[in-house]
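Participant: coords please:
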Amino acid sequence: MNIMYKSTRSDGDKVTASQAILKGLADDGGLFVPDSIPALDLPLAALSQMNYQQTAYEVMSRFFTDFTEEELKSCIQGAYDDKFDTDEIAPLVKKDGAYYLELFHGKTIAFKDMALSILPYLMTTSAKKNGVTNEIVILTATSGDTGKAALAGFADVPGTSIIVFYPKDGVSPIQERQMLTQKGDNTTVVGIIGNFDDAQTGVKKMFNSKELAERMNAKGYQFSSANSINIGRLVPQIVYYVYAYGQLLKKGEITEGEKIDVVVPTGNFGNILAAYYAKNMGIPIEILYCASNENKVLYDFFHTGKYDRKREFVLTSSPSMDILISSNLERLIYRIAGEDAEKTKNLMDALTGEGEYEITAEMKAQLDSFASGYATEEQTAETICNVYKKTDYIMDTHTAVASHVYYDLAKENGRKTVIASTASPYKFTRSVMDAIDKEKYDKMTDFELVDELHILSGVAIPNAIEEIRSAPILHNTVCDKNEMQATVEKILGL
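Facilitator: As a prediction, the model looks like this:
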(Lines give C-alpha, C1' and ligand atoms only; values in the text may rest on other atoms or scores of the structure.)
Protein backbone atom coordinates (compact mmCIF):
# COMPACT_ATOMS: atom_id res chain seq x y z
CA MET A 1 0.00 0.00 0.00
CA ASN A 2 1.32 3.43 -0.95
CA ILE A 3 1.19 5.78 2.06
CA MET A 4 0.91 9.50 1.37
CA TYR A 5 1.05 12.40 3.83
CA LYS A 6 -1.36 15.25 4.43
CA SER A 7 -1.54 18.27 6.71
CA THR A 8 -3.53 18.31 9.95
CA ARG A 9 -4.84 21.79 9.08
CA SER A 10 -6.09 21.65 5.47
CA ASP A 11 -7.29 19.25 2.83
CA GLY A 12 -4.65 20.29 0.31
CA ASP A 13 -2.41 18.17 -1.86
CA LYS A 14 -0.86 15.05 -0.39
CA VAL A 15 2.90 14.54 -0.49
CA THR A 16 5.19 11.51 -0.42
CA ALA A 17 7.12 10.46 2.67
CA SER A 18 10.36 11.89 1.32
CA GLN A 19 8.68 15.23 0.54
CA ALA A 20 7.18 15.37 4.04
CA ILE A 21 10.59 14.63 5.59
CA LEU A 22 12.20 17.42 3.56
CA LYS A 23 9.55 20.00 4.38
CA GLY A 24 9.30 19.15 8.09
CA LEU A 25 6.20 21.29 8.54
CA ALA A 26 3.30 21.65 6.09
CA ASP A 27 2.93 24.96 4.24
CA ASP A 28 -0.19 25.82 6.26
CA GLY A 29 1.60 25.32 9.57
CA GLY A 30 0.07 21.90 10.17
CA LEU A 31 1.88 18.64 10.85
CA PHE A 32 2.15 15.86 8.31
CA VAL A 33 0.23 12.68 9.10
CA PRO A 34 -0.08 9.46 7.05
CA ASP A 35 -3.32 9.15 5.12
CA SER A 36 -3.74 5.81 6.91
CA ILE A 37 -1.82 3.92 9.56
CA PRO A 38 -0.55 0.75 7.91
CA ALA A 39 -0.98 -2.63 9.54
CA LEU A 40 2.12 -4.53 10.58
CA ASP A 41 1.03 -7.49 8.50
CA LEU A 42 3.28 -10.21 9.86
CA PRO A 43 2.90 -12.69 12.73
CA LEU A 44 3.76 -11.21 16.12
CA ALA A 45 5.94 -14.25 16.78
CA ALA A 46 8.18 -13.16 13.88
CA LEU A 47 9.13 -10.06 15.87
CA SER A 48 10.83 -12.20 18.50
CA GLN A 49 13.33 -13.39 15.88
CA MET A 50 14.30 -9.89 14.69
CA ASN A 51 17.09 -7.62 15.82
CA TYR A 52 16.56 -3.87 16.10
CA GLN A 53 17.61 -3.13 12.52
CA GLN A 54 15.29 -5.76 11.07
CA THR A 55 12.39 -4.50 13.18
CA ALA A 56 13.14 -0.94 12.05
CA TYR A 57 12.89 -1.99 8.40
CA GLU A 58 9.56 -3.75 8.92
CA VAL A 59 8.06 -0.65 10.56
CA MET A 60 9.59 2.08 8.41
CA SER A 61 8.97 0.31 5.11
CA ARG A 62 5.23 0.40 5.89
CA PHE A 63 5.32 4.21 6.29
CA PHE A 64 8.09 5.37 3.92
CA THR A 65 6.70 3.71 0.83
CA ASP A 66 8.49 5.89 -1.73
CA PHE A 67 11.88 4.69 -0.47
CA THR A 68 13.30 1.63 -2.19
CA GLU A 69 14.29 -1.37 -0.08
CA GLU A 70 17.94 -0.62 -0.81
CA GLU A 71 17.60 3.05 0.18
CA LEU A 72 15.80 2.33 3.43
CA LYS A 73 18.08 -0.51 4.50
CA SER A 74 21.09 1.68 3.77
CA CYS A 75 19.65 4.41 6.02
CA ILE A 76 18.98 1.88 8.80
CA GLN A 77 22.40 0.25 8.64
CA GLY A 78 24.10 3.66 8.65
CA ALA A 79 22.11 4.79 11.67
CA TYR A 80 22.05 1.76 13.96
CA ASP A 81 25.70 0.72 14.02
CA ASP A 82 28.57 0.83 16.49
CA LYS A 83 27.74 4.41 17.53
CA PHE A 84 25.46 2.64 20.01
CA ASP A 85 27.26 1.13 22.99
CA THR A 86 25.22 -2.08 22.98
CA ASP A 87 24.47 -4.52 20.16
CA GLU A 88 20.83 -4.61 21.24
CA ILE A 89 20.49 -0.86 20.48
CA ALA A 90 17.59 -0.68 23.00
CA PRO A 91 18.00 -3.20 25.86
CA LEU A 92 14.93 -4.21 27.85
CA VAL A 93 15.85 -4.42 31.54
CA LYS A 94 13.50 -6.02 34.11
CA LYS A 95 13.49 -4.36 37.55
CA ASP A 96 10.91 -4.84 40.29
CA GLY A 97 8.32 -6.24 37.90
CA ALA A 98 8.58 -3.51 35.24
CA TYR A 99 10.52 -3.56 31.98
CA TYR A 100 12.69 -0.51 31.37
CA LEU A 101 13.29 0.02 27.66
CA GLU A 102 16.70 1.73 27.69
CA LEU A 103 16.66 4.17 24.81
CA PHE A 104 19.83 6.02 25.78
CA HIS A 105 22.70 3.96 24.43
CA GLY A 106 23.49 6.26 21.50
CA LYS A 107 26.10 8.98 21.06
CA THR A 108 24.39 11.60 23.22
CA ILE A 109 22.90 9.23 25.85
CA ALA A 110 19.26 10.21 25.33
CA PHE A 111 16.37 8.61 23.47
CA LYS A 112 16.50 11.30 20.80
CA ASP A 113 19.52 9.46 19.35
CA MET A 114 17.23 6.62 18.32
CA ALA A 115 15.45 8.76 15.71
CA LEU A 116 18.08 11.44 15.12
CA SER A 117 20.70 8.88 14.13
CA ILE A 118 18.61 7.98 11.09
CA LEU A 119 17.11 11.36 10.22
CA PRO A 120 20.23 12.72 8.43
CA TYR A 121 20.24 9.60 6.24
CA LEU A 122 16.52 9.93 5.52
CA MET A 123 16.95 13.65 4.85
CA THR A 124 19.87 13.38 2.40
CA THR A 125 18.22 10.42 0.63
CA SER A 126 14.99 12.45 0.35
CA ALA A 127 16.91 15.40 -1.09
CA LYS A 128 18.42 13.21 -3.82
CA LYS A 129 15.05 11.60 -4.59
CA ASN A 130 13.45 15.01 -5.06
CA GLY A 131 16.27 16.75 -6.94
CA VAL A 132 16.90 19.29 -4.16
CA THR A 133 20.01 21.39 -4.72
CA ASN A 134 19.51 23.94 -1.91
CA GLU A 135 21.43 23.54 1.32
CA ILE A 136 18.99 22.15 3.90
CA VAL A 137 19.04 24.23 7.07
CA ILE A 138 17.89 22.17 10.04
CA LEU A 139 16.17 24.61 12.38
CA THR A 140 15.39 23.14 15.78
CA ALA A 141 14.19 24.12 19.24
CA THR A 142 15.27 21.89 22.10
CA SER A 143 14.35 21.42 25.74
CA GLY A 144 17.70 19.71 26.22
CA ASP A 145 18.12 16.39 24.42
CA THR A 146 16.95 16.91 20.83
CA GLY A 147 19.54 19.66 20.35
CA LYS A 148 22.64 17.62 21.06
CA ALA A 149 21.30 14.53 19.28
CA ALA A 150 20.45 16.59 16.19
CA LEU A 151 23.82 18.37 16.27
CA ALA A 152 25.64 15.05 16.52
CA GLY A 153 23.56 13.56 13.71
CA PHE A 154 23.95 16.42 11.24
CA ALA A 155 27.50 17.58 12.07
CA ASP A 156 29.45 17.86 8.81
CA VAL A 157 26.73 16.06 6.80
CA PRO A 158 27.17 17.40 3.22
CA GLY A 159 24.37 19.61 1.93
CA THR A 160 23.08 20.45 5.42
CA SER A 161 23.61 22.91 8.22
CA ILE A 162 21.95 23.01 11.63
CA ILE A 163 20.90 25.80 14.00
CA VAL A 164 19.70 24.81 17.49
CA PHE A 165 17.90 27.15 19.90
CA TYR A 166 17.66 26.22 23.59
CA PRO A 167 16.44 27.99 26.76
CA LYS A 168 19.63 29.41 28.28
CA ASP A 169 18.58 28.69 31.88
CA GLY A 170 16.29 25.73 31.20
CA VAL A 171 18.57 22.72 30.60
CA SER A 172 20.90 20.71 32.84
CA PRO A 173 24.60 21.70 33.04
CA ILE A 174 25.58 18.48 31.28
CA GLN A 175 23.00 19.03 28.51
CA GLU A 176 24.24 22.57 27.94
CA ARG A 177 27.90 21.61 27.88
CA GLN A 178 27.16 18.80 25.41
CA MET A 179 25.68 21.34 23.00
CA LEU A 180 28.19 24.13 23.50
CA THR A 181 31.16 21.83 22.82
CA GLN A 182 29.68 20.39 19.61
CA LYS A 183 32.15 20.25 16.73
CA GLY A 184 31.23 20.64 13.07
CA ASP A 185 31.64 23.47 10.57
CA ASN A 186 27.91 23.41 9.84
CA THR A 187 26.67 23.58 13.46
CA THR A 188 25.37 26.59 15.41
CA VAL A 189 23.95 26.67 18.95
CA VAL A 190 22.03 29.66 20.32
CA GLY A 191 20.80 30.13 23.88
CA ILE A 192 17.66 32.24 24.20
CA ILE A 193 16.45 34.38 27.07
CA GLY A 194 13.14 32.55 27.45
CA ASN A 195 11.78 29.02 27.91
CA PHE A 196 11.37 26.08 25.55
CA ASP A 197 7.89 27.13 24.45
CA ASP A 198 9.37 30.51 23.42
CA ALA A 199 12.05 28.72 21.40
CA GLN A 200 9.53 26.37 19.76
CA THR A 201 7.18 29.27 18.92
CA GLY A 202 10.04 31.26 17.37
CA VAL A 203 11.09 28.31 15.22
CA LYS A 204 7.51 27.71 14.02
CA LYS A 205 7.15 31.39 13.09
CA MET A 206 10.23 31.14 10.89
CA PHE A 207 8.92 27.98 9.24
CA ASN A 208 5.64 29.76 8.51
CA SER A 209 7.22 32.93 7.05
CA LYS A 210 6.85 32.81 3.28
CA GLU A 211 8.88 36.03 2.98
CA LEU A 212 11.80 34.42 4.84
CA ALA A 213 11.51 31.26 2.73
CA GLU A 214 11.76 33.33 -0.48
CA ARG A 215 14.84 35.17 0.74
CA MET A 216 16.45 31.91 1.79
CA ASN A 217 15.67 30.23 -1.52
CA ALA A 218 17.31 33.14 -3.35
CA LYS A 219 20.47 32.41 -1.34
CA GLY A 220 20.25 28.64 -1.93
CA TYR A 221 18.78 27.58 1.42
CA GLN A 222 15.62 25.86 2.63
CA PHE A 223 14.44 24.94 6.12
CA SER A 224 13.66 21.53 7.53
CA SER A 225 13.17 20.33 11.08
CA ALA A 226 14.80 17.77 13.35
CA ASN A 227 12.07 18.10 16.00
CA SER A 228 9.47 15.37 16.30
CA ILE A 229 7.12 17.58 14.30
CA ASN A 230 9.06 16.03 11.38
CA ILE A 231 7.50 12.73 10.34
CA GLY A 232 11.05 11.48 9.74
CA ARG A 233 11.59 11.79 13.52
CA LEU A 234 8.25 10.35 14.56
CA VAL A 235 8.13 7.14 12.52
CA PRO A 236 11.50 5.79 13.76
CA GLN A 237 10.15 6.13 17.31
CA ILE A 238 7.38 3.63 16.55
CA VAL A 239 10.09 1.01 16.24
CA TYR A 240 10.86 1.15 20.01
CA TYR A 241 7.52 -0.29 20.98
CA VAL A 242 7.34 -2.91 18.23
CA TYR A 243 10.84 -4.05 19.19
CA ALA A 244 9.99 -4.10 22.91
CA TYR A 245 7.02 -6.37 22.26
CA GLY A 246 9.22 -8.71 20.24
CA GLN A 247 11.81 -8.80 23.03
CA LEU A 248 9.17 -9.65 25.63
CA LEU A 249 8.09 -12.55 23.41
CA LYS A 250 11.70 -13.64 22.89
CA LYS A 251 12.37 -13.65 26.64
CA GLY A 252 9.21 -15.67 27.30
CA GLU A 253 7.78 -12.86 29.45
CA ILE A 254 4.54 -12.77 27.45
CA THR A 255 2.64 -15.05 25.08
CA GLU A 256 1.83 -14.10 21.49
CA GLY A 257 -1.10 -11.67 21.46
CA GLU A 258 -0.89 -10.92 25.20
CA LYS A 259 -1.58 -7.26 25.88
CA ILE A 260 0.95 -4.99 27.55
CA ASP A 261 0.88 -1.46 28.93
CA VAL A 262 3.36 1.32 28.18
CA VAL A 263 4.41 4.27 30.37
CA VAL A 264 6.09 7.21 28.63
CA PRO A 265 7.53 10.37 30.23
CA THR A 266 5.94 13.00 28.04
CA GLY A 267 6.73 16.56 26.99
CA ASN A 268 6.19 17.26 23.31
CA PHE A 269 4.00 14.13 22.92
CA GLY A 270 6.04 12.54 20.10
CA ASN A 271 7.28 9.49 22.00
CA ILE A 272 3.88 8.45 23.34
CA LEU A 273 2.23 9.22 20.00
CA ALA A 274 4.66 6.74 18.45
CA ALA A 275 3.43 4.12 20.93
CA TYR A 276 -0.14 4.97 19.94
CA TYR A 277 0.77 4.46 16.27
CA ALA A 278 2.37 1.11 17.19
CA LYS A 279 -0.89 0.10 18.87
CA ASN A 280 -2.81 1.11 15.75
CA MET A 281 -0.44 -0.94 13.59
CA GLY A 282 -1.52 -4.01 15.58
CA ILE A 283 0.89 -4.26 18.53
CA PRO A 284 -1.21 -5.48 21.50
CA ILE A 285 -0.87 -2.43 23.75
CA GLU A 286 -3.79 -1.92 26.11
CA ILE A 287 -3.14 1.36 27.96
CA LEU A 288 -0.72 4.18 27.16
CA TYR A 289 0.20 6.00 30.37
CA CYS A 290 1.13 9.62 29.73
CA ALA A 291 3.51 10.60 32.54
CA SER A 292 3.96 14.33 33.27
CA ASN A 293 6.13 16.32 35.63
CA GLU A 294 4.86 19.43 37.47
CA ASN A 295 4.19 21.08 34.08
CA LYS A 296 1.17 18.81 33.92
CA VAL A 297 -0.69 20.37 31.01
CA LEU A 298 -1.17 16.93 29.40
CA TYR A 299 -2.33 15.33 32.65
CA ASP A 300 -5.00 18.03 32.95
CA PHE A 301 -5.97 17.62 29.29
CA PHE A 302 -6.57 13.88 29.58
CA HIS A 303 -8.60 14.35 32.74
CA THR A 304 -10.73 17.30 31.60
CA GLY A 305 -10.63 17.46 27.80
CA LYS A 306 -9.35 21.03 28.09
CA TYR A 307 -5.85 22.03 26.98
CA ASP A 308 -4.79 25.17 28.83
CA ARG A 309 -1.26 26.53 28.52
CA LYS A 310 -2.10 29.61 30.63
CA ARG A 311 -0.19 28.56 33.74
CA GLU A 312 3.10 29.05 35.48
CA PHE A 313 6.02 27.47 33.66
CA VAL A 314 7.95 25.33 36.17
CA LEU A 315 11.65 24.57 35.82
CA THR A 316 12.05 20.98 37.04
CA SER A 317 14.72 18.32 37.39
CA SER A 318 13.28 16.70 34.22
CA PRO A 319 13.83 19.66 31.84
CA SER A 320 13.14 17.81 28.59
CA MET A 321 9.51 17.64 29.79
CA ASP A 322 9.28 21.32 30.78
CA ILE A 323 6.86 22.09 27.97
CA LEU A 324 3.42 23.74 27.96
CA ILE A 325 2.73 23.46 24.22
CA SER A 326 2.93 19.78 23.24
CA SER A 327 3.19 20.05 19.47
CA ASN A 328 2.62 16.40 18.58
CA LEU A 329 -0.71 16.34 20.38
CA GLU A 330 -2.06 18.03 17.24
CA ARG A 331 -1.66 14.74 15.37
CA LEU A 332 -3.81 12.95 17.96
CA ILE A 333 -6.37 15.77 17.96
CA TYR A 334 -6.66 15.46 14.18
CA ARG A 335 -7.31 11.73 14.49
CA ILE A 336 -9.97 11.95 17.21
CA ALA A 337 -11.59 14.84 15.32
CA GLY A 338 -12.35 12.38 12.54
CA GLU A 339 -9.47 13.77 10.44
CA ASP A 340 -11.37 17.04 10.20
CA ALA A 341 -8.66 19.53 9.22
CA GLU A 342 -10.85 22.60 9.73
CA LYS A 343 -11.82 21.54 13.26
CA THR A 344 -8.16 20.82 14.08
CA LYS A 345 -7.04 24.19 12.72
CA ASN A 346 -9.68 26.01 14.76
CA LEU A 347 -8.50 24.29 17.95
CA MET A 348 -4.84 25.07 17.22
CA ASP A 349 -5.72 28.69 16.40
CA ALA A 350 -7.53 28.91 19.75
CA LEU A 351 -4.43 27.61 21.52
CA THR A 352 -2.32 30.27 19.82
CA GLY A 353 -4.84 33.07 20.31
CA GLU A 354 -6.56 32.40 23.62
CA GLY A 355 -4.07 29.96 25.11
CA GLU A 356 -6.57 27.11 25.43
CA TYR A 357 -9.02 24.84 23.67
CA GLU A 358 -11.51 22.18 24.70
CA ILE A 359 -12.37 19.05 22.78
CA THR A 360 -15.91 17.70 22.45
CA ALA A 361 -17.29 14.83 24.53
CA GLU A 362 -17.24 12.66 21.38
CA MET A 363 -13.53 13.37 20.90
CA LYS A 364 -12.73 12.75 24.55
CA ALA A 365 -14.46 9.37 24.36
CA GLN A 366 -11.86 8.30 21.80
CA LEU A 367 -9.04 8.76 24.31
CA ASP A 368 -9.84 5.54 26.16
CA SER A 369 -6.45 4.07 25.17
CA PHE A 370 -4.76 6.71 27.33
CA ALA A 371 -4.38 7.21 31.05
CA SER A 372 -2.33 9.91 32.70
CA GLY A 373 -0.48 10.61 35.88
CA TYR A 374 2.18 12.99 37.09
CA ALA A 375 5.04 13.19 39.56
CA THR A 376 5.99 16.12 41.75
CA GLU A 377 9.66 16.98 42.17
CA GLU A 378 9.62 15.24 45.55
CA GLN A 379 8.01 12.10 44.11
CA THR A 380 10.52 12.02 41.24
CA ALA A 381 13.44 12.10 43.68
CA GLU A 382 11.81 9.53 45.96
CA THR A 383 11.34 7.14 43.04
CA ILE A 384 15.01 7.37 42.05
CA CYS A 385 16.04 6.68 45.64
CA ASN A 386 13.53 3.91 46.32
CA VAL A 387 14.20 1.95 43.14
CA TYR A 388 17.96 2.25 43.71
CA LYS A 389 17.69 0.98 47.29
CA LYS A 390 15.42 -1.85 46.22
CA THR A 391 17.21 -3.00 43.05
CA ASP A 392 20.57 -1.11 42.71
CA TYR A 393 19.18 0.27 39.44
CA ILE A 394 19.76 4.00 38.91
CA MET A 395 17.51 5.90 36.54
CA ASP A 396 17.41 9.49 35.34
CA THR A 397 14.79 12.03 36.37
CA HIS A 398 12.57 11.66 33.29
CA THR A 399 12.46 7.88 33.61
CA ALA A 400 11.68 8.39 37.31
CA VAL A 401 8.60 10.43 36.43
CA ALA A 402 7.37 7.48 34.34
CA SER A 403 8.39 4.98 37.01
CA HIS A 404 6.38 6.89 39.64
CA VAL A 405 3.30 6.77 37.39
CA TYR A 406 3.88 3.03 36.91
CA TYR A 407 3.87 2.41 40.66
CA ASP A 408 0.99 4.82 41.20
CA LEU A 409 -1.34 3.70 38.42
CA ALA A 410 -0.16 0.93 36.11
CA LYS A 411 1.26 -1.74 38.40
CA GLU A 412 -2.11 -2.58 39.94
CA ASN A 413 -3.49 -3.63 36.54
CA GLY A 414 -1.22 -6.65 36.51
CA ARG A 415 -0.28 -6.39 32.83
CA LYS A 416 3.36 -6.52 31.81
CA THR A 417 4.45 -2.89 31.51
CA VAL A 418 7.19 -1.29 29.41
CA ILE A 419 8.59 1.98 30.79
CA ALA A 420 10.34 4.18 28.25
CA SER A 421 13.69 5.00 29.85
CA THR A 422 14.58 8.13 27.93
CA ALA A 423 17.98 9.27 29.21
CA SER A 424 21.06 8.03 30.98
CA PRO A 425 21.34 9.07 34.64
CA TYR A 426 24.77 10.45 33.69
CA LYS A 427 22.99 13.24 31.85
CA PHE A 428 21.35 14.50 35.06
CA THR A 429 23.96 13.56 37.63
CA ARG A 430 23.24 16.32 40.15
CA SER A 431 19.52 15.66 40.35
CA VAL A 432 20.06 11.91 40.45
CA MET A 433 22.75 11.99 43.15
CA ASP A 434 20.83 14.54 45.22
CA ALA A 435 17.87 12.17 45.12
CA ILE A 436 20.01 9.32 46.46
CA ASP A 437 21.85 11.28 49.18
CA LYS A 438 21.75 15.08 48.92
CA GLU A 439 23.74 15.69 52.09
CA LYS A 440 26.62 13.51 50.92
CA TYR A 441 26.89 14.82 47.35
CA ASP A 442 25.75 18.43 47.65
CA LYS A 443 29.23 20.02 47.62
CA MET A 444 30.64 18.04 44.70
CA THR A 445 31.13 19.39 41.18
CA ASP A 446 29.13 17.94 38.29
CA PHE A 447 32.06 15.84 37.09
CA GLU A 448 32.89 14.62 40.59
CA LEU A 449 29.30 13.44 40.72
CA VAL A 450 29.85 11.58 37.45
CA ASP A 451 32.62 9.59 39.08
CA GLU A 452 30.47 8.91 42.16
CA LEU A 453 27.60 7.72 39.97
CA HIS A 454 29.99 5.31 38.27
CA ILE A 455 31.00 3.88 41.66
CA LEU A 456 27.38 3.49 42.77
CA SER A 457 25.94 2.08 39.55
CA GLY A 458 28.84 0.03 38.23
CA VAL A 459 27.87 1.33 34.78
CA ALA A 460 30.74 2.59 32.64
CA ILE A 461 30.90 6.35 32.19
CA PRO A 462 29.63 7.01 28.64
CA ASN A 463 31.95 8.53 26.05
CA ALA A 464 29.41 11.34 25.70
CA ILE A 465 30.34 12.46 29.22
CA GLU A 466 34.07 11.74 29.10
CA GLU A 467 34.57 13.75 25.93
CA ILE A 468 33.07 16.96 27.37
CA ARG A 469 35.09 17.01 30.60
CA SER A 470 37.78 19.18 29.03
CA ALA A 471 36.32 20.03 25.63
CA PRO A 472 36.46 23.74 24.71
CA ILE A 473 33.29 25.82 24.43
CA LEU A 474 32.72 26.39 20.70
CA HIS A 475 29.34 28.16 20.79
CA ASN A 476 28.56 31.23 22.88
CA THR A 477 25.72 33.02 21.08
CA VAL A 478 22.80 34.19 23.23
CA CYS A 479 19.78 36.19 22.05
CA ASP A 480 16.42 37.37 23.31
CA LYS A 481 13.42 35.24 22.37
CA ASN A 482 12.30 38.07 20.06
CA GLU A 483 15.62 38.11 18.19
CA MET A 484 15.60 34.54 16.92
CA GLN A 485 14.86 35.33 13.25
CA ALA A 486 17.39 38.15 13.17
CA THR A 487 19.96 35.72 14.59
CA VAL A 488 19.21 33.15 11.89
CA GLU A 489 19.43 35.80 9.17
CA LYS A 490 22.85 36.84 10.49
CA ILE A 491 24.09 33.24 10.61
CA LEU A 492 22.97 32.58 7.02
CA GLY A 493 24.11 35.96 5.70
CA LEU A 494 20.67 37.04 4.58
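
Participant: Please count neighbours and contacts with C-alpha atoms only from this point.
Facilitator: Will do.

Participant: by contact count, what packs against the lowest-mean-pLDDT helix or strand in the chain?
Facilitator: Here the helix or strand of the chain ranked lowest by mean pLDDT, DSSP states H and E is helix 145-154, holding a mean of 88. Packing partners of helix 145-154 (3 or more Cα pairs under 8 Å, 6 or more residues apart in numbering; DSSP states H and E): helix 112-116, helix 119-129, strand 160-167, helix 173-180.

Participant: right, and these - which one's nearest residue 410?
Facilitator: Proximity to residue 410, assessed across those by Cα to Cα, is greatest for helix 112-116 (24.9 Å).

Participant: which other residues reach the closest one?
Facilitator: 103-104, 106-107, 145-146, 149-150, 153, 226, 232-234, 236-237 (Cα atoms under 8 Å, 6 or more residues apart in numbering).

Participant: Nearest to residue 365 among those residues?
Facilitator: Nearest to residue 365 among the contacts of helix 112-116, with distances taken as Cα to Cα, is residue 234, at 24.8 Å.

Participant: just checking, the closest one is part of a helix?
Facilitator: Yes. If the criterion is DSSP: H, G, I helix; E, B strand; the rest coil, then residue 234 is within a helix.

Participant: Give me the neighbour count for residue 305.
Facilitator: When neighbours are counted by other Cα atoms under 10 Å, residue 305 registers 19.

Participant: Tell me how far it lies from residue 333.
Facilitator: Plainly put, residue 305 is 11 Å away from residue 333 if you go by Cα to Cα, to the nearest Å.

Participant: repeat for residue 482
Facilitator: Residue 482 is 29 Å from residue 333, by Cα to Cα.

Participant: With neighbour numbers in mind, choose between those two.
Facilitator: Legend: neighbour count by other Cα under 10 Å for residue 482 and residue 333, higher for residue 333 (23 against 14).

Participant: just to revisit the earlier point, can you name the residues in contact with the least confident helix or strand of the chain?
Facilitator: 107-108, 110, 112-113, 116-120, 140-141, 160-162, 164-166, 175, 178-179, 182, 187, 226-227, 320.

Participant: mind redoing it with 7 Å?
Facilitator: With Cα atoms under 7 Å, 6 or more residues apart in numbering as the test, helix 145-154 has contacts from 108, 110, 112-113, 116-117, 120, 162, 164, 175, 178-179, 187, 226-227, 320.

Participant: Weed out the non-buried ones from the residues you listed.
Facilitator: 108, 110, 112-113, 116-117, 120, 162, 164, 175, 178-179, 187, 226-227, 320 (16 or more other Cα atoms under 10 Å).

Participant: of these, closest to residue 195?
Facilitator: Using Cα to Cα, those come closest to residue 195 at residue 320, 11.3 Å.

Participant: hang on, isn't the closest one packed against residue 143?
Facilitator: Yes. If you go by Cα atoms under 7 Å, residue 320 and residue 143 touch, sitting 4.8 Å apart.

Participant: Can you show me the strands along the stretch 201-350 of the chain?
Facilitator: 221-224, 260-265, 285-292, 306-308 (DSSP state E, counting those that start in this stretch).

Participant: how many neighbours does residue 145 have?
Facilitator: 26.

Participant: ignore the last one, residue 267
Facilitator: The burial count for residue 267: 30, using other Cα under 10 Å.

Participant: I'd like the distance between it and residue 261.
Facilitator: Distance from residue 267 to residue 261, by Cα to Cα: 19 Å.

Participant: And residue 276, by the same measure?
Facilitator: 11 Å.

Participant: and for those two, which residues touch both?
Facilitator: Counting by Cα under 7 Å, 6+ apart, nothing touches both residue 276 and residue 261.

Participant: ok, now which ones touch residue 187?
Facilitator: 151, 155, 161, 162, 163.

Participant: hmm, back to that, now the contacts of helix 112-116: which count as buried?
Facilitator: The buried subset of the contacts of helix 112-116 - by 16+ other Cα under 10 Å - is 103-104, 106-107, 145-146, 149-150, 153, 226, 232-234, 236-237.

Participant: which one of those residues is nearest residue 378?
Facilitator: So of those, ranked by how close each gets to residue 378 (Cα to Cα), first place is residue 145, at 22.8 Å.

Participant: if you go through the stretch 301-450 of the chain in chain order, where are the helices?
Facilitator: Assigned by DSSP state H, counting those that start in this stretch, the helices in the stretch 301-450 of the chain fall at 329-336, 341-353, 361-364, 377-391, 397-405, 429-441, 446-457.

Participant: among those, which is the most enclosed?
Facilitator: When the helices of the stretch 301-450 of the chain are scored by mean count of other Cα atoms under 10 Å, the highest mean neighbour count falls to helix 397-405 (a mean of 29).

Participant: Return the list of helices and strands in contact with that one.
Facilitator: Applying 3 or more Cα pairs under 7 Å, 6 or more residues apart in numbering; DSSP states H and E, we find helix 397-405 packed against strand 260-265, strand 285-292, strand 370-374, helix 377-391, strand 417-421.

Participant: any idea of the mean pLDDT in the third one?
Facilitator: Model confidence over strand 370-374, given as mean pLDDT, is 97.

Participant: what's stretch 8-18 in contact with?
Facilitator: 4-6, 28, 30-33, 64, 66, 126, 331, 334, 341-342, 344-345.

Participant: same thing but 8 Å
Facilitator: 3-7, 28-33, 63-67, 122-123, 126-127, 129-130, 330-331, 334, 339-342, 344-345.
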